[in-house]
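[1] show me the folded form of this:
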Amino acid sequence: MTVVYVGIGSNLNRESNIKTAKTHIEDNFEVTNLSSVYESEAEGFSGNRFLNIVVEINTNLDKKDLISRLRKIEFDCGRKESDRKYANRSIDIDLLTYGDQVDASGGVCIPRKDILRYAFVLAPLAEVAPNGIHPVTMDTYDRLWSKNRARMQSTWIIDFNWG
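    Purely as a prediction, here's the structure:
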């Protein structure tokens, strides 16, 4: 089993889409931890605020098959092939880490560079895996969050009803 971290975000019908994506993830994987729900302003474009979570899962799938399964979940949750990167979106599911692997093959960089760029990725990751080690920097996620939070866009935990 490989421990992986997955980021989920939405800024369109966001509460419903986050719940739906979480349910699909739980139906397809062994979920071992889930962050609080974080809210942040849109990054890179003018749009609605996003809700984001990080999910820790265990999987026997290789990286390629895992990415394919996550992409299918995105489409099942309403994502369109035509969705642009910096635009409003119903759902965005990103593979953040795959064990301690460092790999840029297949068009997906692992660990995802967004971990070191965006608070909405690093803050929930540091919450679910404070002692996890970033395989490139070799710092813990908690330490990375402490060192970088001041230069990153604000994100905050919200009270979220999963019911």
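
[2] residue 39: what's it in contact with?
    49-52, 155-158 (C-beta atoms under 8 Å, 6 or more residues apart in numbering). Where C-beta positions appear, they are placed from N, C-alpha and C, glycine not excepted.

[3] ok, and the closest non-adjacent residue to it?
    residue 158 (4.9 Å; C-beta to C-beta, 6 or more residues apart in numbering).

[4] so where's this structure uncertain?
    The model of the chain has pLDDT under 70 over residues 80-87.

[5] thinking again about what came up before, so the residue nearest to residue 39 touches residue 38, yeah?
    Yes: between residue 158 and residue 38 there is a contact under C-beta atoms under 8 Å: 7.2 Å.

[6] quickly list what's touching both of the two.
    residue 51.

[7] those two: which is more packed in?
    residue 38 (22 against 12; other C-beta atoms under 10 Å).

[8] how close does that one sit to residue 71?
    23 Å (C-beta to C-beta, to the nearest Å).

[9] contacting residues for residue 99?
    Per C-beta under 8 Å, 6+ apart, neighbours of residue 99: 2-4.

[10] going by distance to residue 143, which of these wins?
    residue 3 (18.8 Å; C-beta to C-beta).

[11] on the three-state scheme, that closest one is what?
    strand (DSSP: H, G, I helix; E, B strand; the rest coil).

[12] report the separation between it and residue 77.
    23 Å.

[13] of these two, who's got more company?
    residue 77 (23 against 17).

[14] could you find the closest non-adjacent residue to the more buried one?
    With C-beta to C-beta, 6+ apart, the residue lying closest to residue 77 is residue 91, at 4.3 Å.

[15] report how many residues lie close to the residue nearest to residue 162 when sequence neighbours are not counted.
    The spatially closest residue to residue 162, leaving aside those adjacent along the chain, is residue 19, at 6.6 Å (C-beta to C-beta, 6+ apart). Number of residues near residue 19 (other C-beta under 10 Å) recorded here: 17.

[16] would you agree residue 19 falls within a helix?
    Yes: the assignment for residue 19 by three-state DSSP puts it in a helix.
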